[in-house]
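Chemist: here is a sequence with its predicted model. Questions after.
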2 protein chains.
Amino acid sequence: MKSVITEIGRNGNDVKKSLGAKTILLPTPVWVIGSYDKEGKPNVMTSAWVGICCSKPPCVMTSLRRATYTFGNIMERKAFTVNIPSESFAKETAYFGSVSGRDVDKFSITGLTPIRSDLVDAPYIEEFPLVVECKLLRTIELGLHTMFIGEIMDVKANESILGEIDSPDIEKLKPFVFVPGSRNFYRTGEYLGQVSSLAKKLNK
Amino acid sequence: MKSVITEIGRNGNDVKKSLGAKTILLPTPVWVIGSYDKEGKPNVMTSAWVGICCSKPPCVMTSLRRATYTFGNIMERKAFTVNIPSESFAKETAYFGSVSGRDVDKFSITGLTPIRSDLVDAPYIEEFPLVVECKLLRTIELGLHTMFIGEIMDVKANESILGEIDSPDIEKLKPFVFVPGSRNFYRTGEYLGQVSSLAKKLNK
């Protein structure tokens, strides 16, 4: 199964080329961050500089530029949501990353519905099937981006995307990924295997 | 395009269900972290608690439990690599996350080849087509996991996975994603759209 790549890698015709010191790691998730501004106007922005970062307490991080409207919102409200889009919301997700909440009301333009979280001071998107409510735990200044670490207070999912064990089913949710560099969205695809079953093939 | 989910969300038959405070966000990347131990033995472990976290300086984070062998290695060597597997390495990637480098030599068992980075004090996997060399910048204690933030010193890619603009082509690389909860790997799939083109449909 791995023979093609291994052989190419080893026969010397497919040497590694340096691409420089860039954020070229793929794929990355594409998640939408929800927040309120000082006046209570809900805003959303798209972030691919994201990741789960702790299991206990459950935490997620997103890194944002100081220039974004969301940056000030989270600083003020100490809370945000992570809204995970299905591929049917690719257009809205791209749009949310292309304009500032300073200039437009992204909810009214897209027709999506902000719902006030009952756990944290931030709105989530009703139409997105998987949302995560976070309390701001820490901010870490890194340079152009500041990392916001949120403690997960709850995860809410539409029943229609749940699988057998009350866990989101990726084939029903149909989330997509971002490719830094080309700046394209790609679908998630077919089942490749269960981690422990795959590991057993080598773990004797 | 979005009508199905929107209508389900709005007709009241598909209400949101609380899943609790858990790290259920998907999909996540599946990246393999390379490091040396005190004696110079190369080790690799799989991490899905990862993400790009700053553009300038270019940084990536991975969160590891203190119990892992890699934790001590990175603390000692102040460096790590991120190795991005193609789907042909799903078995090895699952295996790297299932055993400790304290007990086994993961390179000799899988037959993969550690290459010493000339930029940082860590090894990368020759056969993996996309590798990122990082200098440890900061560690952040969060709880069960500690976040390691690495500054990217270089990205190296096999020429066979590069697209037109010397940027990795996801359709050639064929990376895969992890689903927390079900603990399955899924392939990346079809092209969904270019971010700026998708955004234009709403951005008048």
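Modeler: Now that the structure is in, tell me what you want to look at.
Chemist: how near is residue A:115 to residue A:122?
Modeler: 10 Å (CB to CB, to the nearest Å). In this view, the C-beta of every residue, glycine as well, is placed from N, C-alpha and C.
Chemist: the two: which is more packed in?
Modeler: It is residue A:122, of residue A:115 and residue A:122, that has more neighbours when counted by other CB atoms under 10 Å in any protein chain shown, with 27 against 16.
Chemist: which stretches of chain A have low pLDDT?
Modeler: Along chain A, the model assigns pLDDT under 70 to residues A:1-13, A:204.
Chemist: list the contacts for the most centrally placed residue in it?
Modeler: The residue lying closest to the centre of chain A (CA atoms, centre = their mean) is residue A:31, at 2.7 Å. When contacts are counted by CB atoms under 8 Å, 6 or more residues apart in numbering or on different chains, residue A:31 touches A:46-48, A:50, A:62, A:82-85, B:25.
Chemist: give me the PyMOL select line for those, limited to the buried ones.
Modeler: If you want just the buried ones from these in PyMOL, going by 16 or more other CB atoms under 10 Å in any protein chain shown, the selection is:
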select buried, (chain A and resi 46+47+48+50+62+82+83+84+85) or (chain B and resi 25)
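Chemist: out of the contacts of residue A:31, which sit inside strands?
Modeler: Among the contacts of residue A:31, the members falling in strands (DSSP state E) are A:46-47, A:50, A:62, A:82-84.
Chemist: filter the residues you listed down to the ones close to chain B.
Modeler: A:50, A:82, A:84 (CB under 8 Å from any CB of the partner chain).
Chemist: distance of the last one relative to residue A:188?
Modeler: When distance is defined by CB to CB, residue A:84 is 11 Å away from residue A:188.
Chemist: likewise for the first one?
Modeler: When CB to CB is the yardstick, residue A:50 and residue A:188 sit 16 Å from each other.
Chemist: cool, and the second one?
Modeler: Separation of residue A:82 from residue A:188 (CB to CB) stands at 17 Å.
Chemist: cool, and residue A:124?
Modeler: 21 Å.
Chemist: one step back: turn the ones next to chain B among the ones in strands among the contacts of residue A:31 into TSV, columns for distance to residue B:41.
Modeler: Below are these laid out as TSV (distance: CB to CB, whole Å):
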residue	distance to residue B:41
A:50	33
A:82	38
A:84	39
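Chemist: any idea which of those residues is the one closest to chain B?
Modeler: The nearest member of these to chain B, counting by CB to the nearest CB, is residue A:50 at 5.4 Å.
Chemist: which residues does residue A:119 contact?
Modeler: By CB under 8 Å, 6+ apart, the neighbours of residue A:119 are A:133, A:153-154.
Chemist: next one: residue A:163
Modeler: Residue A:163 makes contact with A:169, A:172, B:182 under the criterion CB under 8 Å, 6+ apart.
Chemist: narrow these to those that are buried.
Modeler: For the contacts of residue A:163, a burial check counting by 16+ other CB under 10 Å picks out A:169, B:182.
Chemist: any idea how far apart the tips of stretch A:24-31 sit?
Modeler: In stretch A:24-31, first residue to last residue: 18 Å (CA to CA, to the nearest Å).
Chemist: kindly report the same for stretch A:46-56.
Modeler: OK, stretch A:46-56 end separation, CA to CA: 26 Å.
Chemist: how near is residue A:186 to residue B:173?
Modeler: Residue A:186 is 11 Å from residue B:173, by CB to CB.
Chemist: which of those two has more residues huddled nearby?
Modeler: Applying other CB under 10 Å to residue A:186 and residue B:173 shows that residue B:173 carries more neighbours, namely 26 against 23.
Chemist: packing partners of the longest strand along chain A?
Modeler: What stands out as the longest strand in chain A, according to DSSP E, is strand A:145-158. Applying 3 or more CB pairs under 8 Å, 6 or more residues apart in numbering or on different chains; DSSP states H and E, we find strand A:145-158 packed against strand A:59-65, strand A:79-84, strand A:130-141, helix B:3-10, strand B:16-20, strand B:50-54.
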